[in-house]
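Visitor: have a look at this prediction, sequence included:
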Amino acid sequence: MSSSPVPASGSTSLDAGIAIAKGADRARILDNRVEGNLIGIDVQGGIDAIVSRNRIANRSDLRRNERGSGLYVWNAPGLLAEDNEISGGRDGIFITTSHHAVYRGNRMSDLRFAFHSMYANDVEVAGNVSRDNEMGFAFMYSKKLTVRDNLSVGDRTHGIFLNFVNNSVFEHNAVREGGEKCLFVYNANSDRVSGNLFEGCGIGVHFTAGSQNVTVVGNAFVNNRTQVKHVGTRWLEWSEDGRGNYWSDHVAYDIDGDGLADAPYRPNDAIDLVTWRQPMAKLLLGSPAVQLIRWSQSRFPELLPGGVIDSRPLMRPEGIGVRPDNQRQAGQP
């Protein structure tokens, strides 16, 4: 289906501006303006659909949780959704139980979640922009994802959120001017997080709930109030093949000039773990006893309780974040 850009009426039973039902394979939804509906474009059961260059502005007169999604996807393998502009409503793109798809170059604002996927495997999410939403990109209960060159700017809670996400790659994304957390990793396993920029959040990365075998290398953590929050007793090495990440608060030196810091970076100590478990302990942070403990740990790292260590930190954040070619493709600043 293709049409000139005219408003849609929302006449389907789901109050969607445009709907693709089961059996409507290889549908084409191109260059439409879809406004004032509960759900903008609804794709349920259609195979190999293309949804491209549409402008979707959903109803904003309801409470956030009563609103619908700009693009709602269920059981629609082979979908290509690209170059759409979505605002208003609840979630920009919401996917549940739908595999083998590409979401590329979409721009989303004024939403709860810009991109929200659950039970969606073998999905590519590339070159999308989330701006000023509650959350940027949320991935749940999924595997074999490729998430690259996406931008989250000014999202208030999380830039990228991972919950039970396995065997996936997150590379060259950028989270800037974030709120609570740039990246949240919960019970994720065998993933790769590389070449990403995490800047200006309350927490750069919150890593928790038994996540294992996650490679974190070649990223830049810049000007986050807390770079890493990880509560654990085992050491996690965040470097690979002699190369780690860039940390803006690491007081580093590079005597041999190889671009790598000569001292490892340990973002957390025993006092951090105590204050995360017992927030009232923050009242004691200025006490001589706490300062003595921190000084001792800085001089004798073997006293540290475990956590993240980057043995080969980068001296400069070069080549990190959204790559220029994909930045222009997505219309990013």
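Guide: Cool, got the structure.
Visitor: drop to CA atoms for contacts and neighbour counts, all remaining ones
Guide: Will do.
Visitor: ranges for the helices of the stretch 1-150 of the chain?
Guide: Ranges of helices within the stretch 1-150 of the chain: none, based on DSSP state H, counting those that start in this stretch.
Visitor: low-confidence ranges, it, go.
Guide: For the stretch 1-150 of the chain, the stretches flagged by pLDDT under 70 are 1-14.
Visitor: wait, what's in contact with residue 160?
Guide: Residue 160 makes contact with 135, 136, 137, 138, 139, 175, 182, 183, 184, according to CA atoms under 8 Å, 6 or more residues apart in numbering.
Visitor: any idea which element it lies in?
Guide: strand 158-166 (DSSP states H and E).
Visitor: name the next helix or strand downstream of that strand, please.
Guide: Trace forward from strand 158-166 with DSSP H and E and the next one is strand 169-171.
Visitor: what helices or strands is that following strand leaning on?
Guide: For strand 169-171, the helices and strands in contact under the criterion 3 or more CA pairs under 8 Å, 6 or more residues apart in numbering; DSSP states H and E are strand 145-148, strand 192-194.
Visitor: strand partners (parallel or antiparallel) of the shortest one?
Guide: Looking at strand 192-194 with DSSP bridges, its partner strands are strand 169-171 (parallel), strand 215-217 (parallel).
Visitor: then the first one?
Guide: Paired strands of strand 145-148, with direction, are strand 123-126 (parallel), strand 169-171 (parallel) (DSSP bridges).
Visitor: adding mean neighbour count and distance to residue 194, write those out as TSV.
Guide: Shown next, in TSV, are the strands paired with strand 145-148 (neighbours: other CA atoms under 10 Å; distance: least, CA to CA, whole Å):
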stretch	mean neighbour count	distance to residue 194
strand 123-126	22	15
strand 169-171	22	5
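Visitor: would CSV of these with distance to residue 209 be doable?
Guide: Putting the strands paired with strand 145-148 into CSV (distance: least, CA to CA, whole Å) gives the following:
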stretch, distance to residue 209
strand 123-126, 24
strand 169-171, 19
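Visitor: circling back: give the buried subset of the contacts of residue 160 as a ChimeraX selection command.
Guide: Buried subset of the contacts of residue 160, written as a ChimeraX selection, criterion 16 or more other CA atoms under 10 Å:
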select :135,136,137,138,139,175,182,183,184
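Visitor: and the contacts of residue 160, which two are furthest apart?
Guide: 139 and 175 (15.4 Å; CA to CA).
Visitor: quick revisit: adding distance to residue 56 and mean pLDDT, write the strands paired with strand 192-194 out as CSV.
Guide: Listed next are the strands paired with strand 192-194 as CSV, based on distance: least, CA to CA, whole Å; pLDDT from 0 to 100:
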stretch, distance to residue 56, mean pLDDT
strand 169-171, 27, 98
strand 215-217, 36, 96
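Visitor: closest one to residue 254 among those strands?
Guide: Across the strands paired with strand 192-194, closest to residue 254 is strand 215-217 (CA to CA), at 18.7 Å.
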